[in-house]
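Participant: sequence plus the predicted model coming up.
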Amino acid sequence: MDPVRVSKFITPTTWPLIVAGIAIVALVIRFRNLGQRPKNYPPGPPTIPILGNLHLLLSTNDVHLKFQKWAEEYGPIYSLILGTKTMIVLNHRQAVKDLLDHKSTQYSSRPDMYIGQDLISGGYRLVFMKYNDEWRLARKMIHNLLNVKKAVDYVPYQELELKQMLSDMIDEPTGFHDHVRRYSTSLVTSFVFGWRSPSFHDPAVKQIYDGFEEFAVASQVSSSLLDYFPILRRLPDFVNPMSKRAKALHQEELTLYKSYLTRVRKRIADGTSPPCFCDDMFKSQEKNGFTDDWASYVSGTLLEAGSDTTASIFLGFIVAMVNFPEAQKKAQEELDRIVGPNRLPRMDDDLPYIRMVVKESLRYLPSSIMGIVPHATSTDDYYKGYFIPKNAGVVCNVWTLNNDPERYPEPRVFRPERFENDFSRAGESAAQNNVDERDHFTFGAGRRVCPGLNVAERSLYLGIAQMLWALNFKHAKDERGNDIPVDINAVTQGIVCRPAPFKCLIEPRDPQRAAMAQKAWSNAKEMLMTLPDGIISTQYANM
């Protein structure tokens, strides 16, 4: 077309219309492609415009089973298109090893999480932090607290808290859900803040769990549309109740976590605080200059993670014992043979079958069925001929990995013997060069592997040994005397999962063992001011 003629149409009056037209065409093109899977991405379920695959996740309650079904259909690696975001799902142990372990520098970040990190957490939640200097600093401090050598120092804490848990189960067996959660919470408050949590019904303990459960729900796919469609973030709070509630939850969390720091600082000033994580963190704060808000969330989310995960595995173990009594019987036979009836099991007891039960419990009902939080790519990458874009979320599909029939024949059968020849500790197994020899993926992979795995493994070993030494776990009965079933596949959803609420019958194996367990806790209460060294309990201070 003649440029002179064209220039006649471009006038001050028509120019805005031309710009608007171009913008509309660009938006149409963009939204036409939104939700589509590029041809060079890993395969995945069919998409629809705008939403991609998001509608498939919004329409299911058991996301982990949906992910497992897609793994069977699309293979070791597939992709999901979630609005404007891409999620890569790893379903085979070799893919996890190749990407999350061998390319950990590229695969150790986190995707943008506007609801969970920006709004609820103020950008401070460690588990959601990007792979940056702040995360590395926090991780270094936590490694100093939880590394394999330091984990041995917490055995006295574990022994003390397990004495109370065992006694509580004998006194109030129907409250076992609360007893295991109190145990894991008190263990973490002891070495993070320097005090015990003697009761699950303590308001501060309840606030931890209630807040974390609300956070876990708010961070699910169905609640995080603002993550997948950033344009929605511009909506005012009065038409976006999730955003308003997320900001309020942040203030509640921050107030709680800051109160813990204030309490520790006061005890340090009074000279009544034992050595704890916060003490070291304050020294690092003086050196590195991070804020109290940052410090509050690092210590607070460390408490969250430690208090719920171990409790979840204990509950999964009980589910397995009720449904697979033959495993319970074998474990008790070993305990009777090696420990005997006259003392409780100790950490230094060599109990091979208990070791297998611990590994199988971690595999069978993991606390992180979707790998807790997706990793994210920091660069573009290619794998098996597929393109993986920068900033894609990358899921370690733990439920599918832990139930791979090729690696674990009859995976929904609780069979400790499958680990008969596996003598590796959790950290050693996670670092195996031969991924076919890895025990399970419950603790994650790569540089984001759970830093508390050494402490958790010891808690499970001693706790499972003592519970099976003292107690029997059976089906509860209904009014007609029939067994009340316990579903081996029913789990809650969220960042940290646990078995859905269930009933069971917990009984002492005999009166002598029950009396010994209760006496052990009675003696421990009397000595709490001096043994183990450094544990201070305000509840028992005047006993």
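Facilitator: Right, received. Where do you want to start?

Participant: quick one: name whatever helix or strand follows the helix or strand hosting residue 335.
Facilitator: Assigned by DSSP states H and E, residue 335 falls within helix 325-338. Per DSSP H and E, helix 325-338 leads on to helix 352-364 as the next helix or strand towards the C-terminus.

Participant: what's that next one packed up against?
Facilitator: helix 292-323, helix 325-338, helix 453-470 (3 or more C-beta pairs under 8 Å, 6 or more residues apart in numbering; DSSP states H and E). Just so you know, the C-beta spots here come from the backbone N, C-alpha and C atoms, and that holds for glycine as well.

Participant: for it, which residues meet the burial criterion?
Facilitator: Burial within helix 352-364, assessed by neighbour count using 16 or more other C-beta atoms under 10 Å, is assigned to 353, 354, 355, 356, 357, 358, 359, 360, 361, 362, 363, 364.

Participant: got it, and stretch 499-511?
Facilitator: Buried residues in stretch 499-511, counted by 16+ other C-beta under 10 Å: 499, 502, 504, 506, 508, 509.

Participant: for stretch 65-80, same thing?
Facilitator: For stretch 65-80, by 16+ other C-beta under 10 Å, it's 67, 68, 70, 71, 74, 76, 77, 78, 79, 80.

Participant: now do the contacts for the closest residue to residue 465 other than its chain neighbours.
Facilitator: Counting by C-beta to C-beta, 6 or more residues apart in numbering, residue 465 lies nearest to residue 345, which is 3.9 Å off, once chain neighbours are set aside. Residues near residue 345 by C-beta atoms under 8 Å, 6 or more residues apart in numbering: 335, 339, 351, 354, 462, 465, 466, 469.

Participant: so the fourth one touches residue 466, yeah?
Facilitator: Think residue 354. No - contact criterion C-beta atoms under 8 Å: residue 354 and residue 466 do not qualify, at 9.9 Å.

Participant: and of the buried residues of helix 352-364, the nearest to residue 521?
Facilitator: residue 354 (21.2 Å; C-beta to C-beta).

Participant: report the contact partners of the closest one.
Facilitator: 331, 334, 335, 345, 461, 464, 465, 468.

Participant: can you check the pLDDT for the residue nearest to it when sequence neighbours are not counted?
Facilitator: In this structure, residue 354 finds its nearest non-sequential neighbour in residue 465, 4.9 Å apart by C-beta to C-beta, 6+ apart. Note on residue 465: pLDDT of 98.

Participant: if I pick residue 465, what's in contact with it?
Facilitator: 335, 339, 345, 349, 351, 354.

Participant: can you check residue 207 too?
Facilitator: 252, 256.

Participant: quick one: average confidence on the helix or strand hosting it?
Facilitator: Taking DSSP H and E as the definition, one finds residue 207 inside helix 203-218. Mean pLDDT, computed over helix 203-218, is 69.

Participant: report the rounded mean pLDDT for the helix or strand just after that helix.
Facilitator: Next helix or strand after helix 203-218 toward the C-terminus (DSSP H and E): helix 225-228. Across helix 225-228, pLDDT averages out at 82.

Participant: what packs against helix 225-228?
Facilitator: On a contact count with 3+ C-beta pairs under 8 Å, 6+ apart, helix 225-228 meets helix 241-270.

Participant: from the chain's centroid, how far away is the next helix-or-strand element following the helix it packs on?
Facilitator: Using DSSP H and E, the next helix or strand after helix 241-270 towards the C-terminus is helix 277-288. Taking C-alpha atoms, centre = their mean, to the nearest Å, one finds the center of helix 277-288 at 25 Å from the center of the full chain.

Participant: over to stretch 278-295?
Facilitator: 25 Å.

Participant: start at 59 instead
Facilitator: Got it, first residue is 59 now, which makes that one stretch 336-353.

Participant: which residue packs closest to residue 467, ignoring adjacent ones?
Facilitator: Residue 467's closest residue in space is residue 476 (C-beta to C-beta, 6+ apart), at 7.8 Å.

Participant: that neighbour reaches residue 422, doesn't it?
Facilitator: No - using C-beta under 8 Å, residue 476 makes no contact with residue 422, being 10.4 Å away.

Participant: between the contacts of residue 403, identify the one with the most neighbours.
Facilitator: The residue in the contacts of residue 403 with the most neighbours, by other C-beta atoms under 10 Å, is residue 523 (27 neighbours).

Participant: ok, it to residue 386 distance?
Facilitator: Going from residue 523 to residue 386 by C-beta to C-beta, to the nearest Å gives 12 Å.

Participant: ok, residue 200 next?
Facilitator: When distance is defined by C-beta to C-beta, residue 200 is 35 Å away from residue 386.

Participant: before we move on, what about residue 239?
Facilitator: 22 Å.

Participant: neighbours of the closest residue in space to residue 354 that isn't next to it in sequence, just the number please.
Facilitator: Setting aside the residues directly before and after it, residue 354 is nearest to residue 315 in space (C-beta to C-beta, 6+ apart), at 3.7 Å. By other C-beta under 10 Å, 24 other residues sit near residue 315.

Participant: what score does residue 315 have for pLDDT?
Facilitator: With respect to pLDDT, residue 315 has a value of 91.

Participant: got it, and residue 350?
Facilitator: Residue 350 is given a pLDDT of 94.

Participant: OK, contacts around it?
Facilitator: Contact analysis of residue 350 by C-beta under 8 Å, 6+ apart lists 316, 319.

Participant: residue 196 too?
Facilitator: For residue 196, the contact set (C-beta under 8 Å, 6+ apart) comprises 184, 187, 356.

Participant: so the last one makes contact with residue 197?
Facilitator: No - Residue 356 is beyond contact range of residue 197, at 9.8 Å (criterion: C-beta under 8 Å).
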